[in-house]
Structure formats: structure tokens, C-alpha cells
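K.L.:
sequence and predicted model, in that order:
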Amino acid sequence: MSYVDEVYSMVVEKNPAQPEFHQAVKEVLESLRVVIEANEEAYRRDALLERLVTPERQLLFRVPWVDDKGQVQVNNGYRVQFNSAIGPYKGGLRLHPSVNLGIIKFLGFEQIFKNSLTGLPIGGGKGGSDFDPKGKSDREIMAFCQSFMTELNKYIGADTDVPAGDIGTGAREIGYMFGQYKRIRGVYEGVLTGKGLSYGGSLARTEATGYGLLYLTEEMLKCNGKDIAGKTVVISGSGNVAIYACQKAQQLGAKVVTVSDSTGWVYDPEGIDVALLKEVKEVKRARLTEYAAARPSAQYHDGKGVWTVKCDVALPCATQNELDLEDAKALVANGCFAVAEGANMPTTMEATEYLQKNGVLFCPGKAANAGGVATSALEMSQNSERLSWTFEEVDSKLKNIMVNIFHNLDDAAKKYGMEGNYVAGANIAGFLKVADAMTAQGIV
Ligand code: NDP
């Protein structure tokens, strides 16, 4: 058996019932095959792949809190510190009822390569809880966040592990967690990113993932003789990534005609009204039915359906495995020529292969959504310097980073004979830097 296959079998055997983690490892190892085979002896001797797929540390803890009726609730808390070869662990905290150890491990594993691709000194980690923020009062959110941080604070710090937001963790949750960290540890430091502007946050961090997705998409299209201006774009999700992807796509002259949430989706042939979407989602924290009710041109549909809409470019920005083979077939049949992932692993492996085989330009999330973590790293730099940069300064650094990421993965794909395969390019470019650092640091 080849080294890659041996390690993949070991992952499945040692991590039962974690399908998302298996999927992430499989996708990465498959595309690294050519690089691994070229260095097999040394990698095997150092058990480099075994170490790469095994987290340095996995923390699981109880999160008790009291709801508004006086009832004690208990959630599971997680922090997986996956790989610190190139810098302190960095990665978001997901608050969603679907969260389990396998999901956090898949996200933490992806984060290693994503963070490496940014070119910044940050290692990979991820965390979260099966807590559901939906329908909770502000007091309940605060109670949960304080209890979560009461345990998590023991394992994180500005130079060791710096969490950020993710699904369900926005500025409000980061604020409550930061307050609790400061209270317990007695230090004012950049231990979390995505902070509010009044206490160490970075301008443009809120916009960064969505904006970065469009900067990279624009560059990918440009390098393939196409232009984002004038194109029809479909977007899924209506959270942080989706909203700012929508905004930047429109600023670049594209028309975005869909958004979705976990209950339904909206088709708006006149183009999504971003100001209204922000009001519904960021201010009222309401469902998309309210968007449709306030916008005569919009049609609301229950369930899933964004990928059936005719488009040039598709940007999945909600959650993992939301774009499957049937969806990929519908996109191709409708003439879609580019897909870039705003979410983490939103496209199944079968769908990815189908899109690539049918000539669709496909950029994986670990590259396309890296703008969020890259700007988080810029927030860390500003906190260390005790300075704040202007919006324009951060935004222009973000744009440079995204353009560089695209060229790095494009070059890596070409170098290893897989021109145009941006999945392979991203995995190879991300891996080589981490592997080099791990080798240099000895067996740790
Ligand atoms: P938000 O919580 O702000 O928004 C998530 C959106 O996806 C919501 O519209 C939500 O709908 C929808 N959604 C969530 N779970 C499901 C589901 N199971 N089925 C259908 N729809 C769902 O999260 P973000 O925008 O921050 O994150 C979106 C994706 O982007 C995630 O994969 C995240 O890991 C990734 N990402 C985020 C970054 C960031 O900076 N925020 C950085 C890099 C990647 P509803 O409101 O109904 O739940």
C-alpha cells in the first residue's frame, strides 16, 4: 500500500464516526500524492503524515450555564490545537447544534493549510460548541460565552492560540468572551480576533472573508481571460461571509441574484439589496422571509435551491457539503463557469470532481476564504504594535494577500503538472511550507 493510502486507512480506523474529518484528510492527501511519492523515504522515516493528521492537542470540556427560566443547561466545548509548526494556533469558534469533535477536527485540519497559504505566521486550530445561539436572549448568550471562556482561557493566549469567529460566533459573542478572558487572566491582550473596534478590533475584519473571496475570484477569472463585471452570481448563506461577498461582488459590477439560510432561499432577479439584507440579518437577526416581504422583486422558496438558478459564477458561503453532485450537474447544465468556496468544504468530493471535469474553474475554501484569517493575523499585528491601521490600508493588504494566494496555488499546480487544478495547487502550496517547518523543528 502506498504511504498516502496507509495513512488514510489509519485515520479512518483511529477516528471512527468522524466522516467530515475523513473527507478533509482524503481530499488533501489525494492531491499531495505526487509530492509525497517524490519524498516518500524521508517522510515515512519521520512519520510526517501521521504527525500532520494527528492534532497536537484536543481539548473537550463541559460548558454549564443557566437559561432565563433558571434551568441549568450543559453543552460540549471543544478546542483542537492541530498544528503549530509555523505559528500560534489560529482558527475560529463555531457555535452550532451540529458541532462535534469530527467537525472541529475537519475544520482544524483545513485551517493548517489555509493559514500556511496566507503567507503569515499562523498555525492551525479550531474550536466551538454544540450550543445553538438561535432564539437565545442576550443574557443567555453572555452566560454561555462566559462559561465557555472560563474553561478555554487556560489553554489560549496572544502567543499560543488565538481563536476567532465562525458560524454562530460574531462580534457580540467575541465581545463577551474577550471580557471574560480579561477578567480571569487579568491581561489585556490580543487573545481573540474579530473584536469590536473600540477594544482592539481591526477595520475591515468584518468584511474580510467575503471581500477576500471576491478578490481571489476576480484574479482567477482574470487569469483565465474572464471578467467578474457584468456576470450573474449565485450565493448561498446570508451570514457574515455571504453578506460581504454579495457587497463586494456588486461593487465589482456583478449581479448577485440569490442568498439562503437554513430554512429557505431568495431569488431576486434585480440583484440582492445588501442594505436590506444587512438590516434583516445583522440588526433584526430575522429569517429571509422578512427580506422577501420587504422587497417586491424577491421570491422566497422553502428548502434548498440556490444551485438550480442560471448563473456564471457560484459562491457557496453557508456550510459544509451544501453543494452535492446533483447541484454540480445543475450548475454545469446552466452554464456556470466558476465556483469559489466562501464556506469551508461546502462542495462534496464528487461534486468537485464533476465541476473540474466539466471545465469549471474551481477554487477551494482553504484558499478562497483565507481572507478572514489573514485579516485576523493583521489584527494580531496591530494589537502587538498597539496601533490601528485605516480601512484602506487593511483592505489593500487583504487584496494583495488574496492575489498572492491565487498565484501561489496556480504556480504549484503548474509545477506539479496539474495546471488549472486549484485544489491540488492549494493543498501542495499549503503543505510544503508546513512540512518544511515540521522537518526543521525535529520530532515534536
Ligand atoms: P454565519 O453564522 O454568519 O452564517 C452562516 C450562514 O449559513 C447562515 O445564513 C446560516 O443560516 C447558514 N447555515 C449554517 N448552517 C447551515 C446548514 N446546516 N444548512 C444550511 N444553511 C446553514 O457564519 P459565517 O458566514 O461566518 O460562516 C459561513 C461559512 O464560512 C462557514 O463554513 C465558515 O466556517 C466559513 N468561514 C467563515 C469565516 C469568517 O470569517 N466568518 C472565515 C472562513 C470561513 P441560518 O442563519 O439559518 O443558520
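P.N.:
Yes, it's here. Numbers count the residues shown, from 1 in each chain.
K.L.:
residues of the stretch 251-400 of the chain that sit close to the ligand?
P.N.:
Applying Cβ under 6 Å from any ligand atom, we find that the stretch 251-400 of the chain lies next to the ligand at Asp261, Ser262, Thr263, Cys317, Ala318, Thr319, Gly342, Ala343, Asn344, Asn369, Gly372. Heads up, the C-betas are built off the backbone N, CA and C, glycines and all.
K.L.:
quick check: Ala208 is in a helix.
P.N.:
Yes: judged by DSSP: H, G, I helix; E, B strand; the rest coil, Ala208 forms part of a helix.
K.L.:
once you drop chain neighbours, what's closest to it?
P.N.:
The shortest distance from Ala208 to any non-neighbouring residue, by Cβ to Cβ, 6 or more residues apart in numbering, is to Thr375 (3.6 Å).
K.L.:
the one you found: what secondary structure?
P.N.:
Assigned state for Thr375: helix (three-state reduction, three-state DSSP).
K.L.:
show me what contacts it?
P.N.:
In this structure, Thr375 makes contact with Ser202, Ala204, Arg205, Ala208, Gly212, Val394, Leu398, judged by Cβ atoms under 8 Å, 6 or more residues apart in numbering.
K.L.:
one more time with 6 Å, if that's ok
P.N.:
Thr375 sits next to Arg205, Ala208, Leu398 when contact means Cβ atoms under 6 Å, 6 or more residues apart in numbering.
K.L.:
possible to save the residues of the stretch 251-400 of the chain next to the ligand as TSV with pLDDT?
P.N.:
Formatted as TSV, these follow (pLDDT from 0 to 100):
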residue	pLDDT
Asp261	96
Ser262	94
Thr263	94
Cys317	98
Ala318	98
Thr319	96
Gly342	98
Ala343	97
Asn344	95
Asn369	97
Gly372	97
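K.L.:
just the buried residues of the residues you listed.
P.N.:
When these are checked for burial by 16 or more other Cβ atoms under 10 Å, the buried set is Asp261, Cys317, Ala318, Thr319, Gly342, Ala343, Asn344, Asn369, Gly372.
K.L.:
which one of the contacts of Thr375 sits closest to the ligand?
P.N.:
Nearest to the ligand among the contacts of Thr375 is Ala208, at 6.5 Å by Cβ to the nearest ligand atom.
K.L.:
re earlier: in strands only, show me the residues of the stretch 251-400 of the chain next to the ligand.
P.N.:
Counting by DSSP state E, no part of these is found in strands.
K.L.:
now distance to Arg51 too, for those residues, in CSV please.
P.N.:
Converted to CSV, those look like this (distance: Cβ to Cβ, whole Å):
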residue, distance to Arg51
Asp261, 39
Ser262, 37
Thr263, 42
Cys317, 32
Ala318, 32
Thr319, 29
Gly342, 30
Ala343, 28
Asn344, 22
Asn369, 26
Gly372, 27
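K.L.:
helix/strand/coil for Gly125?
P.N.:
Of the three states, Gly125 takes strand under three-state DSSP.
K.L.:
same check, this time on the one 3 residues further on
P.N.:
Recorded secondary structure, Gly128: strand (three-state DSSP).
K.L.:
does it touch Leu101 like I think?
P.N.:
No: Gly128 sits out of contact with Leu101 when judged by Cβ atoms under 6 Å, with a separation of 10.3 Å.
K.L.:
just the helices in the stretch 101-250 of the chain please.
P.N.:
Using DSSP state H, counting those that start in this stretch, the helices of the stretch 101-250 of the chain run over 101-117, 138-152, 171-185, 205-223, 240-251.
K.L.:
how about the CA coordinates for the shortest one, as PDB?
P.N.:
So that's helix 240-251. C-alpha atoms of helix 240-251 as PDB (Å, rounded to 0.1, in the frame of the first residue of the first chain):
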ATOM      1  CA  ASN A 240     -21.000  37.200   7.600                       C
ATOM      2  CA  VAL A 241     -19.300  35.600   4.600                       C
ATOM      3  CA  ALA A 242     -22.300  35.700   2.300                       C
ATOM      4  CA  ILE A 243     -23.300  39.300   3.100                       C
ATOM      5  CA  TYR A 244     -19.800  40.800   2.300                       C
ATOM      6  CA  ALA A 245     -19.300  38.600  -0.700                       C
ATOM      7  CA  CYS A 246     -22.500  40.000  -2.000                       C
ATOM      8  CA  GLN A 247     -21.500  43.500  -1.300                       C
ATOM      9  CA  LYS A 248     -18.000  43.200  -3.000                       C
ATOM     10  CA  ALA A 249     -19.400  41.300  -6.000                       C
ATOM     11  CA  GLN A 250     -21.800  44.200  -6.600                       C
ATOM     12  CA  GLN A 251     -19.000  46.800  -6.200                       C
END
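K.L.:
what's that helix packed up against?
P.N.:
On a contact count with 3 or more Cβ pairs under 6 Å, 6 or more residues apart in numbering; DSSP states H and E, helix 240-251 meets helix 205-223, strand 232-235, strand 255-260.
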